[in-house]
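**Q** Here is my input, please return the structure:
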Amino acid sequence: SRGLGDVYKRQPSHRLQHTVMVIMAILLTGVSSGVIGGLLGRINIAIEVLAFGRHVSTSTSGIGEVTFWRRLCAPVIGAAMAGLAWGFLRRREVVTVRATLDAKQPRRLDPLVQLIDAFAQLIIVGSGSSLGREAAPRQLAAVSAQWVAEVCEADFPLRRTLIASATGAGLAAVYNVPFAGALYALELTLRPNPRTRQGWQQIAICTTVSLLATAMAWLTNHNAPTYTPDPVSTAGWGTWGRATLLGMAVLLVGPLAGMVFSHAKRVNPKAHHLYWTVPLGGAIVAGIALLVPQVPGNGQIMMGTLLGTRLTWQLAATFLVAKLLATSVSLTSGAAGGLLTPSLAIGGSTGALLGVLTGATSGETVALVIAGAAGVLAMTQRAPLFAIAFALELTRPKSIVIPLVAVTVGIAWAGWALITSQDHRHGAVGKAPRR
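**A** Model prediction:
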């Protein structure tokens with residue numbers, strides 16, 4: 001089998017051949033991940049339009065203008081379809097992406113199982129349940145990278161690097177966040193050692209694959225940012241004081257959200273109950289959405305509203321509680337999906353609430369929304385670098401926001417390190433740091 005280490009051990013002719021094979025594997029992984037991410041983005045929009053009659057994710061009113069019967073029926077029907085699929089899948093052993101990356105006992109992903117699971121996630125999110133849609137492209141991109149590794153006869157270290165880089169590249173392609181995609185693979189999956197040659201090889205491969213995937217996805221998203229926030233402004237030391245306070249608030253909200261999500265996931269209904277528990281969760285989320293129409297979906301509606309509308313403190317607080325509750329209900333029902341964008345929406349609501357309560361200007365509040373989103377995401381994912389890059393690449397604000405976001409995330413992360421005595425390793429996906 002061929003790997004990066006072999007390049008330095010073979011004869012010159014073999015070394016060249018192996019180098020070419022490694023380069024081809026990297027290029028194929030990046031291109032396939034980008035194509036998958038771009039296509040799934042289009043499919044998600046198509047599901048939304050089919051469910052609600054329009055593309056609601058870009059509307060600040062959410063599903064508020066959708067007909068009443070669609071608001072009630074679409075989440076339940078979509079959840080019923082997904083529940084039947086998961087009930088079928090979970091009656092048998094399902095190999096996860098994490099299992100295929102296990103260094104001791106790596107497993108092979110079943111392409112058909114991953115395809116069914118990914119489309120079930122797209123259906124349930126597109127029809128209104130409160131979960132992220134980033135897991136589906138990560139899974140299918142990992143399947144494509146597995147195929148590339150097998151065709152190229154890669155050894156396990158290279159195979160593991162390709163699959164991990166593809167999971168980040170799938171995320172990068174969907175949200176147009178190349179550096180966040182690379183950091184996702186590095187900080188949450190591979191955790192390379194930069195003091196070694198292999199560590200730098202992994203960094204280079206993940207970055208290259210993520211950049212390639214993002215560029216391929218430009219064919220469908222035309223390099224447009226996910227969010228277009230209102231103009232950002234800062235007002236001297238007052239803004240930095242608010243960022244400090246926000247870091248303290250995130251230190252409370254972030255771990256709370258993570259622990260609630262972790263508990264909800266542990267409920268784990270039995271496979272033969274999913275045909276009714278998942279639709280029941282969809283019905284409850286639909287009920288919440290009657291009161292807060294920005295709740296449905298992965299959090300894009302809510303973040304768009306927070307970044308483009310001046311809210312009252314009552315509405316910001318309602319957003320925070322409603323998104324936390326709706327996402328917990330979806331997880332408790334047995335539904336599968338991502339937690340990245342729900343975490344962003346909860347953090348953004350926290351930033352908006354603090355901005356309104358402290359008398360921040362509209363421009364300052366937008367900056368606090370971005371910083372709060374990054375802060376809560378950092379806590380729920382244990383990945384501060386990824387969280388900062390993800391929030392900034394999604395919104396593309398003025399450069400002055402970058403240190404503001406770094407201050408908020410740094411204070412929250414340092415505060416948690418001081419409060420707890422645990423080992424602070426990064427990368428417990430979907431879980432907050434726990435005691």
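**Q** From Arg133, how far out is the most centrally placed residue in the chain?
**A** Taking Cα atoms, centre = their mean, the centroid of the chain lies closest to Leu340, which sits 3.4 Å from it. As for Leu340, its distance to Arg133 is 9 Å (criterion: Cβ to Cβ, to the nearest Å). C-beta: built from backbone N, CA, C; applies to glycine.
**Q** Likewise for Ala412?
**A** Using Cβ to Cβ, Ala412 is found at 26 Å from Arg133.
**Q** show me where the stretch 251-400 of the chain has helices.
**A** Remark: helices assigned in the stretch 251-400 of the chain by DSSP state H, counting those that start in this stretch are 274-291, 300-308, 313-332, 340-357, 362-381, 384-395.
**Q** Measure how the fourth one sits relative to helix 300-308, angle-wise.
**A** In terms of direction (axes from the mean of the first three to the mean of the last three Cα atoms, to 10 degrees), helix 340-357 departs from helix 300-308 by 30 degrees.
**Q** and what of the fifth one?
**A** Calculated by the same axes, to 10 degrees, helix 362-381 forms an angle of 140 degrees with helix 300-308.
**Q** Which residues belonging to helix 362-381 are considered buried?
**A** Neighbour-count burial for helix 362-381, counted by 16 or more other Cβ atoms under 10 Å, picks out 363-381.
**Q** packing partners for that helix?
**A** In terms of contacts (3 or more Cβ pairs under 8 Å, 6 or more residues apart in numbering; DSSP states H and E), helix 362-381 is packed against helix 237-267, helix 300-308, helix 340-357, helix 384-395, helix 401-419.
**Q** a markdown table please, covering these and showing distance to Leu212.
**A** Formatted as a markdown table, the helices and strands packed on helix 362-381 follow (distance: least, Cβ to Cβ, whole Å):
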| stretch | distance to Leu212 |
| --- | --- |
| helix 237-267 | 32 |
| helix 300-308 | 25 |
| helix 340-357 | 21 |
| helix 384-395 | 16 |
| helix 401-419 | 25 |
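**Q** hey, which of those helices is tucked in deepest?
**A** Burial of the helices and strands packed on helix 362-381 is given as mean neighbour count (mean count of other Cβ atoms under 10 Å); helix 340-357 ranks first at a mean of 29.
**Q** how distant is it from the center of its chain?
**A** Here helix 340-357 is found 16 Å from its chain centre; the criterion is Cα atoms, centre = their mean, to the nearest Å.
**Q** what does the average pLDDT come to for it?
**A** For helix 340-357, mean pLDDT rounds to 96.
**Q** Let me know the angle separating it from helix 384-395.
**A** Angle, helix 340-357 to helix 384-395, by the same axes, to 10 degrees: 80 degrees.
**Q** Tell me the confidence at Asp102?
**A** pLDDT recorded at Asp102 is 87.
**Q** Provide the secondary structure category for it.
**A** What DSSP: H, G, I helix; E, B strand; the rest coil gives for Asp102 is coil.
**Q** What about it, how many residues nearby?
**A** When counting by other Cβ atoms under 10 Å, one arrives at 11 neighbours for Asp102.
**Q** what's the distance between it and Leu140?
**A** For Asp102, the distance to Leu140 - Cβ to Cβ - is 20 Å.
**Q** hmm, back to that, let's have the helices of the stretch 251-400 of the chain in JSON lines, adding distance to Ile23.
**A** Converted to JSON lines, these look like this (distance: least, Cβ to Cβ, whole Å):
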{"stretch": "helix 274-291", "distance to Ile23": "44"}
{"stretch": "helix 300-308", "distance to Ile23": "36"}
{"stretch": "helix 313-332", "distance to Ile23": "41"}
{"stretch": "helix 340-357", "distance to Ile23": "31"}
{"stretch": "helix 362-381", "distance to Ile23": "31"}
{"stretch": "helix 384-395", "distance to Ile23": "26"}
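**Q** Identify whichever of those lies nearest to Thr196.
**A** When the helices of the stretch 251-400 of the chain are compared by Cβ to Cβ, helix 384-395 sits nearest Thr196, at 19.2 Å.
**Q** got the angle between that closest one and helix 401-419?
**A** Going by the same axes, to 10 degrees, helix 384-395 makes 150 degrees with helix 401-419.
**Q** elements contacting helix 384-395?
**A** helix 156-175, helix 178-183, helix 340-357, helix 362-381, helix 401-419.
**Q** try it again with 6 Å
**A** helix 178-183, helix 362-381, helix 401-419 (3 or more Cβ pairs under 6 Å, 6 or more residues apart in numbering; DSSP states H and E).
**Q** State the next helix or strand along the chain beyond the first one.
**A** Following helix 178-183 in sequence order, the next helix or strand is helix 197-221 (DSSP states H and E).
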